[in-house]
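**Student:** Generate coordinates for the sequence data below:
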Amino acid sequence: MDLNSASTVVLQVLTQATSQDTAVLKPAEEQLKQWETQPGFYSVLLNIFTNHTLDINVRWLAVLYFKHGIDRYWRRVAPHALSEEEKSTLRAGLITNFNEPVNQIATQIAVLIAKVARLDCPRQWPELIPTLIESVKVQDDLRQHRALLTFYHVTKTLASKRLAADRKLFYDLASGIYNFACSLWNHHTDTFLQHVSSGNEAAVLSSLERTLLSLKVLRKLTVNGFVEPHKNMEVMGFLHGIFERLKQFLECSRSIGTDNVCRDRLEKTIILFTKVLLDFLDQHPFSFTPLIQRSLEFSVSFVFTEVGEGITFERFIVQCMNLIKMIVKNYAYKPSKNFEDSSPETLEAHKIKMAFFTYPTLTEICRRLVSHYFLLTEEELTMWEEDPEGFTVEETGGDSWKYSLRPCTEVLFIDIFHEYNQTLTPVLLEMMQTLQGPTNVEDMNAVLIKDAVYNAVGLAAYELFDSVDFDQWFKNQLLPELQVIHNRYKPLRRRVIWLIGQWISVKFKSDLRPMLYEAICNLLQDQDLVVRIETATTLKLTVDDFEFRTDQFLPYLETMFTLLFQLLQQVTECDTKMHVLHVLSCVIERVNMQIRPYVGCLVQYLPLLWKQSEEHNMLRCAILTTLIHLVQGLGADSKNLYPFLLPVIQLSTDVSQPPHVYLLEDGLELWLVTLENSPCITPELLRIFQNMSPLLELSSENLRTCFKIINGYIFLSSTEFLQTYAVDLCQSFCELLKEITTEGQVQVLKVVENALKVNPVLSPQMFQPILPCVFKGIIEGERYPVVMSTYLGVMGRVLLQNTSFFSSLLNEMAHKFNQEMDQLLGNMIEMWVDRMDNITQPERRKLSALALLSLLPSDNSVIQDKFCGIINISVEGLHDVMTEDPETGTYKDCMLMSHLEEPKVSEDEEPPTEQDKRKKMLALKDPVHTVSLQQFIYQKLKAQQELLGEQGFQSLMETVDTEIVTQLQEFLQGF
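**Tutor:** Next comes the predicted model:
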C-alpha cells in the first residue's frame, strides 16, 4: 500500500463504516475485513488514529481495527502474520508521542500498546519501558498523564502472564523499576496533598488522577513482581507506609465532600490502597505476617471504634472487614492440631493474631457487629415498604460479601464466631437472655435490636448447637413472637421464621414439626409480603430436610399449597416468582402422588406464566423444573397436561430456537419424565421426536438423557416409533459410532439391544446398517471387554429371537469376508465361547447360553465341532442363574418371572411409573425371564440325541470335559 493514496481510501471507507445507514455501513465493513490481511493496512490505521484533526468516531474505529489486528495477526505463527519490518515501524510509531487529547481513545491506545508488549516485550521491544519511564517524567501535563496511563496498562498486562519464563522476566522488570515507581507515586501523592490544602480544584483532580495511576502500577509490581517480597526493603517500606497514607487520604475526605468532583476519584484511591493489602495477603500470606498487627489495629479502629466516624464510607468499611476476615480465616496462619507439626511462620502469625484478639477486643467486635452493623437501616426499611420483592432478593449469597455491607458483616461475624466460639458464645447467650419475652411494638429501636440478635443466633446456629435448647426456646419464646400481628412487629415475624429455617437442619425435634406447619400456614397469610416470602423459604428448608415426614405434613398440604399458589400469583418480579416456584416444586417432589387433588389451579396457571415469561429464560427453567415434579406426582394423569406440556418440550429441545441454550437440559429431563409417566403414545408425543436428530448431532453432555428418551419411546410404542423414525435414528447412530468414545459406543448399542429385545421382528431390519459392524467386531475379537459384551448382547438377541434375519446377516457377512457361511459361523461361536468372561451382567450371560443353544439340534459339522464350547457356556449360565431350593434340594432358574409376583412398594419407595410397568410386562415376554435355562438345555440335548441317535450323541458328548458333564447331570436331575 502506498501510504498517502491508501490513507485517503481507507479514511473514506472508515468514515462510511461510522454511518448509521446499513446500506453504507455493511459494504464498508466488508471492505475493511478484506483489507485486514493486506500489508501496510495497520500503518495506515496508525496514521489515521494519531491524526488529531480527523473526526473522533473515525479515529475510534481505526484504533479498534488496529486492536483486533494485534489479536489476530501480530504473532509470528498467525496466518497472514504482519511482517517484522511493518511491526518494527508500528512499535516505533505507537510510542513516538503520548499526546492523545481524547480520554477514551487514549485508553484504547494504552491497551493496544499493552497487547503488543505482552507479545514483544522485552525481547523485540527493549525500548518500551525506558521510553515510558522518560515520558512520565516530562513536565507537560497531557503527555505525562498519557505515558502514565500506558505504563499502567503495560505493567498490568505483563503481570498477568503465567508461564515460568514470563514470570522471571516480570520479576527482573519489577526489581529494576520498583524504586522509580515508588518515588513517582510518592511525588504525585505529596503533590496531591499540597493541592488539597491550597484548594485548587483542577490541580487537585489532575494530581489525584496521577496518584491513582501510579498506585495502580505499584499494586501490580508489589503483588506480582517478587518471589519473596518480605526480603525486599522497598516493598515492605511501601506496604508499611500505606497505613499512614490511608489516614491522610481519609482525612482529606473531610474537606472533599460527597458532592465534590474529586470525591469519586478519592474514594477509588482509598479503596485501591486496601486492594493492595488484600491482594498481597492473598498472594503472599507469610510475607504479610509483619503487617498483620498494623492491618488489624487499623481496620478494627476505623470500623469498630469512634476513630472512623465522619470519614469512612461503605465500600471502605467492607474492604476493612474483608481484611480482618482474610486474616482470621487464613489457612496459612492456622497451626496444626499438633503444634510441633506447624511451620515457624505459621506459629509466628498465629501468635500475633492471638495477641491481638483478646477477650475485650473480641467482645467489642461481636457487640458492635450485632448492635450496630446488623441493625436494619432507614434505607432498608424504606425499601421494605416501597419495594418488598426487591428487599427480599437483595440478601443473596455468592460473592456479595466482597462488595456489599450486609453480607460482608454477616460473613465476618460467622468467621470470627467460628474461630473464637468459646469466647463469643457466652457473649451472644447473654444478649439473648436480655431479650426474653415480647418486645414493646412502640419501641422500634428495641424491635430492631432484637431482630439483629436473632440474626446472629441464626447465623451461629452450628456453633450454638450445644449451648441453646432450641426446642424449648421455640415453644416458649419464638412461637409467641410469631403470633404478634401488629404491623410494626413484622421485622420480628420475618426474622423469627427465618431463624427457625436456619435451625431446622441443626437441631429441631421432629414432634414439633406440626406446630411449625401450623405457624407457617398462618404466616403465609400475613398482611406483609416480605414475611410471606420469608415463610415460603423456611417451608422449603423444612420440607427439604433429612427428617421430613410426609405423614406429619399431609394435614397441612392443601392449605399450604393453596397459599403458596396465591403467593406465586401475587409476586410480580421474575426472581421472586422463580423462588416461589422452587418452593412449590420442592413440596410436590416430597409428597409425590399425594399432590394430585390440589394441583388443578397450578396446572391452569402455568401456561399463562409461561406465556408471560417469554423474555425471562431463567423463570422458564423454574417452570420446567416445576413441571418435572408435577408430571412425576401426577403419573399417568399427566396425559391431561399434554396440550401445554408437549409444546413446552418442543420449544425447549429445538436447537434451532435461541431459548434452547437455557432450557435444553431441563427440557430433556421433562421430556424423559413425560415418557416415563405416559400411559400411551399420542401423535403429538411421537411428533416431537423430530427434535432428536439435531440433538444427537450436538453430541454434548446431554447424550445420556437423549438415549434414555429414545429407550422411553421404544418401551412406549416400539412398532409405531420404529416405523416412523428408525431410518433417521439409524443414520444418526452410524454417524455417532464413528466419532464417539468407547463408553458412548456402548450407550448407542444398548439402545439397539433394547429395541431388539422389545421388538425382535422389526428392529433387526430397522437397525440393519449397524449390525455388520457388530458382527465384524465379534469376529475380530473387539479388545474392550465392555464393548465386546454389548456386541454379544446385540447378536444374542438377533440369533435367539430372529433366526431368519441372523441367517441373512451371516450370508451377507460371508460375502464380505469372502468365506463360507459355516466357517464364519464356526469362527463366531469360537470367539463367543472364548470371550464369554467379558460379559458380567447375568441377563446377558443367560442370553448367550440360550442363543448358542438355539443353534441345536443340528447335523452341521461346524456346529457339532463347537458343541463342546456351547455346552461349556450353557453350564456356566446354569451356575449363574440356578439357585438351590433348600427344602427340596432341587435347583430352579432364579431369573424366571411370573404374572403373579406383584412387588410390594414400601413407604419410602417411589411407586412404579408407567414405564416401570411396561418394563415388567416386557420382561414377561422376554425369553431370558420366561424360558427355564435348565429345561431349554434338556430339550435341546434331547432333540440332538434324537437327530444323531444314541451312539452319535454319545461320541458328541465325549468331546465335553468330564467335570462339565458331571455338573450338567447334577443340574438336570429330575428331567
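
**Student:** C-alpha only now, for contacts and for neighbours.
**Tutor:** Fine.

**Student:** just the helices in the stretch 301-450 of the chain please.
**Tutor:** 314-329, 344-356, 359-368, 378-386, 388-394, 405-419, 421-433, 444-459 (DSSP state H, counting those that start in this stretch).

**Student:** For those helices, could you give me a markdown table that also reports mean pLDDT?
**Tutor:** Output for these, formatted as a markdown table (pLDDT from 0 to 100):
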| stretch | mean pLDDT |
| --- | --- |
| helix 314-329 | 95 |
| helix 344-356 | 92 |
| helix 359-368 | 94 |
| helix 378-386 | 93 |
| helix 388-394 | 85 |
| helix 405-419 | 94 |
| helix 421-433 | 92 |
| helix 444-459 | 94 |
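
**Student:** Can you tell me which of the ones you listed is nearest to Leu32?
**Tutor:** When the helices of the stretch 301-450 of the chain are compared by Cα to Cα, helix 314-329 sits nearest Leu32, at 45.0 Å.

**Student:** which other helices and strands contact the closest one?
**Tutor:** Judged by 3 or more Cα pairs under 8 Å, 6 or more residues apart in numbering; DSSP states H and E, helix 314-329 is in contact with helix 263-283, helix 289-304, helix 405-419.

**Student:** To Leu664, which of those helices lies closest?
**Tutor:** By Cα to Cα (comparing all of these), the closest turns out to be helix 405-419, at 33.3 Å.

**Student:** And the closest one, what does it pack against?
**Tutor:** For helix 405-419, the packing partners by 3+ Cα pairs under 8 Å, 6+ apart are helix 314-329, helix 444-459.

**Student:** can you do 7 Å?
**Tutor:** helix 314-329 (3 or more Cα pairs under 7 Å, 6 or more residues apart in numbering; DSSP states H and E).

**Student:** Show me what the helix it packs on is in contact with.
**Tutor:** 271, 274, 278, 296, 299, 303, 402-405, 408, 412, 415-416 (Cα atoms under 7 Å, 6 or more residues apart in numbering).

**Student:** If any of those residues are buried, give me the PyMOL selection for them.
**Tutor:** If you want just the buried ones from those in PyMOL, going by 16 or more other Cα atoms under 10 Å, the selection is:
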select buried, resi 271+274+278+296+299+303+403+404+405+408+412+415+416
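
**Student:** And the contacts of helix 314-329, which is closest to Cys182?
**Tutor:** Thr274 (17.0 Å).

**Student:** if we can go back for a sec, so can I have a markdown table of the contacts of helix 314-329 showing distance to Lys942?
**Tutor:** Shown next, in a markdown table, are the contacts of helix 314-329 (distance: Cα to Cα, whole Å):
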| residue | distance to Lys942 |
| --- | --- |
| Ile271 | 92 |
| Thr274 | 91 |
| Leu278 | 86 |
| Leu296 | 92 |
| Ser299 | 93 |
| Val303 | 94 |
| Lys402 | 81 |
| Tyr403 | 83 |
| Ser404 | 84 |
| Leu405 | 86 |
| Cys408 | 83 |
| Leu412 | 82 |
| Asp415 | 79 |
| Ile416 | 82 |
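
**Student:** ok, and for the helix or strand bottoming out on mean pLDDT in the chain, which residues are buried?
**Tutor:** Lowest mean confidence among the helices and strands of the chain (mean pLDDT, DSSP states H and E): strand 891-893, at a mean of 80. Within strand 891-893, the residues that count as buried by 16+ other Cα under 10 Å are 891-893.

**Student:** Report all helices and strands that it contacts.
**Tutor:** Partner elements for strand 891-893 (3+ Cα pairs under 7 Å, 6+ apart): strand 882-884.

**Student:** before we move on, the earlier item: could you dump the helices and strands packed on helix 314-329 into TSV with distance to Val748 added?
**Tutor:** Shown next, in TSV, are the helices and strands packed on helix 314-329 (distance: least, Cα to Cα, whole Å):
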stretch	distance to Val748
helix 263-283	48
helix 289-304	58
helix 405-419	49
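
**Student:** of all the buried residues of strand 891-893, which comes closest to Asp387?
**Tutor:** Looking across the buried residues of strand 891-893 and measuring by Cα to Cα, the closest to Asp387 is Asp893, at 69.2 Å.

**Student:** mind checking how far the following helix or strand past the least confident helix or strand of the chain is from the chain centre?
**Tutor:** Counting by DSSP states H and E, the next helix or strand C-terminal to strand 891-893 is helix 914-923. Offset of helix 914-923 from its chain centre (Cα atoms, centre = their mean, to the nearest Å): 35 Å.

**Student:** quick one: contacts of the helix or strand just after helix 914-923?
**Tutor:** With elements assigned by DSSP H and E, the helix or strand that comes after helix 914-923 is helix 927-930. With contacts defined as Cα under 7 Å, 6+ apart, helix 927-930 is touched by 843, 846-847, 895-897, 923-924.

**Student:** Let me know how buried the residue lying closest to Ile271 once chain neighbours are set aside is, in neighbour terms.
**Tutor:** In space, and not counting its chain neighbours, Ile271 is closest to Phe316: 6.1 Å by Cα to Cα, 6 or more residues apart in numbering. As a burial measure, Phe316 scores 24 neighbours (other Cα atoms under 10 Å).

**Student:** Done for today, thanks.
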